[in-house]
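Trainee: what's the 3D shape of this:
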Amino acid sequence: MSRRTRFARVLVATVVLAGVFVTTAAALRFSDESYIVPQGVAGMPYSHTFSAPPSGTSGAGCDPPYIFRVLQGALPPGLSLGQTSGVVSGTPTQAGAWSFWVQLTDDPSGKESWCLPLSAEREFTISILPGLAITTTTAAPGTVGATYSAALATDLPGQKAWSVSSGALPAGLTLGAADGVISGTPTTAGSFPFVVKAVLDDKRSDTQDLTIVVRAPVEIAAPPAPPSEVGVPFRLPLSASGGAGAYTWSVSGGALPRGLVLSADGTIVGTPSLAGRYAFTASASDTEGRVAVLPATLVVAPKLAISTLLLRQAKVGRLYRAKLATTGGVKPTKWRAFGRLPRGIRLDRTLGVLSGTPTKPGRYRVTFKAVDALGVKSSKTLVISVLA
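Mentor: Next up is the predicted model:
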């Protein structure tokens, strides 16, 4: 055999062997795991790896490294494809379904000379579910001893499993696991921070920090009402406790005596101008809507006046007694006499009674003055006639 013939045979054998090797090794495809594309959730980190079969196995091409790129279509917003890693990662920002073509290519750099770089293309779809978010960001305050109910809400429909993942609700309150309603009657005042968790399915859940502030109920206190009289300045301070913030005062029922008002600081003040008995209800409201009421009654006396018009005649040597009378005013009443009383007759300044045995006849003109407990004065001039 000639030298040229032997070289030709060796060359053919080499080509045949190389052809067999390339045919076996050059097949390139995506791994089975690449096809199982998981769903994502908007707002939640996402990761999925596109890959070729293990090195040295069918479909591995010339073995790593590989190049990955999106040929057509688009990944969900917020996700990107690693060119050398084949990892789709990021945080999707929008719900929906996105289809796209991925190309898998042998990276020719650093490969054996016999490797003929190949590529594979495949369409994939990534579905992004809408994320679950608890939309309740604040919890209503509560009141010791008052029924409480607050429903927690999310941005997605469907049955959720609710729980308190950390912290604790105020004593007396519970969270409904199926309906997300916090309810009960709080028993202790204070500030209670906690974290609630809502689970929609195995992929979607959310937590939210909340605080329920429980306050003491609003209560109104009032001192005993002082006596009141037409024309006399009046003042009765009411006070409130419990609740939160400043109080708003109002007359929620009945009416105050004419001339009186309930001021912004809870004081009933003014000068009554009409006598009578007045039933009313005072209310105090705090800044969070708690309300306390106080039923009360004020009695306004008519203005003091001496009602005696005439005094009966007296007779020398005979026992005399006459009582001065008043209308209105506030007891007790004190009396004084201005002018000369008949000799033998005296005025009881506490009772307003004229008594004694006159000793000298005459006509006596005397001015009597009455002063009641509120300092209101009334005067009247009367005549006492003493007969011989």
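Trainee: quick check, pLDDT for residue 8.
Mentor: Here, the pLDDT recorded for residue 8 equals 31.
Trainee: now do the same for the residue nearest the centre of the chain: its pLDDT.
Mentor: Computing the C-alpha centroid of the chain and ranking residues by C-alpha atoms, centre = their mean puts residue 140 first, at 3.1 Å. pLDDT, residue 140: 96.
Trainee: how near is it to residue 217?
Mentor: Note on residue 140: its distance to residue 217, by C-beta to C-beta, to the nearest Å, is 15 Å. (C-beta placed from N, C-alpha, C; glycine too.)
Trainee: re the thing from before, identify the residues contacting the residue nearest to the centre of the chain.
Mentor: Shown in contact with residue 140 (C-beta atoms under 8 Å, 6 or more residues apart in numbering): 148, 150, 212.
Trainee: and of those, the nearest to residue 102?
Mentor: Nearest to residue 102 among the contacts of residue 140, counting by C-beta to C-beta, is residue 150 at 48.4 Å.
Trainee: the helix or strand that closest one falls within pairs with which strands?
Mentor: For residue 150, the host element (DSSP states H and E) is strand 148-151. Strand 148-151 pairs in its sheet with strand 181-184 (antiparallel), by DSSP bridges.
Trainee: now the very next helix or strand once past the strand it pairs with: average pLDDT?
Mentor: Scanning forward in sequence from strand 181-184 by DSSP H and E, the next helix or strand is strand 190-199. Rounded to a whole number, the mean pLDDT of strand 190-199 is 98.
Trainee: same question for stretch 346-356.
Mentor: Stretch 346-356 comes out at a mean pLDDT of 97.
Trainee: same check, this time on stretch 289-308
Mentor: Mean pLDDT, stretch 289-308: 97.
Trainee: and that stretch, which residues are buried?
Mentor: For stretch 289-308, burial by neighbour count (16 or more other C-beta atoms under 10 Å) applies to 290-292, 294, 296, 298, 300-301, 303-304, 306.
Trainee: now stretch 123-133
Mentor: Within stretch 123-133, the residues scored as buried using 16+ other C-beta under 10 Å are 124, 126, 128-129, 131-133.
Trainee: switch the buried residues of stretch 289-308 over to JSON lines; also include secondary structure and distance to residue 58.
Mentor: Shown next, in JSON lines, are the buried residues of stretch 289-308 (DSSP: H, G, I helix; E, B strand; the rest coil; distance: C-beta to C-beta, whole Å):
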{"residue": "290", "secondary structure": "coil", "distance to residue 58": "76"}
{"residue": "291", "secondary structure": "strand", "distance to residue 58": "80"}
{"residue": "292", "secondary structure": "strand", "distance to residue 58": "83"}
{"residue": "294", "secondary structure": "strand", "distance to residue 58": "90"}
{"residue": "296", "secondary structure": "strand", "distance to residue 58": "96"}
{"residue": "298", "secondary structure": "strand", "distance to residue 58": "102"}
{"residue": "300", "secondary structure": "strand", "distance to residue 58": "107"}
{"residue": "301", "secondary structure": "strand", "distance to residue 58": "112"}
{"residue": "303", "secondary structure": "coil", "distance to residue 58": "116"}
{"residue": "304", "secondary structure": "coil", "distance to residue 58": "119"}
{"residue": "306", "secondary structure": "strand", "distance to residue 58": "127"}
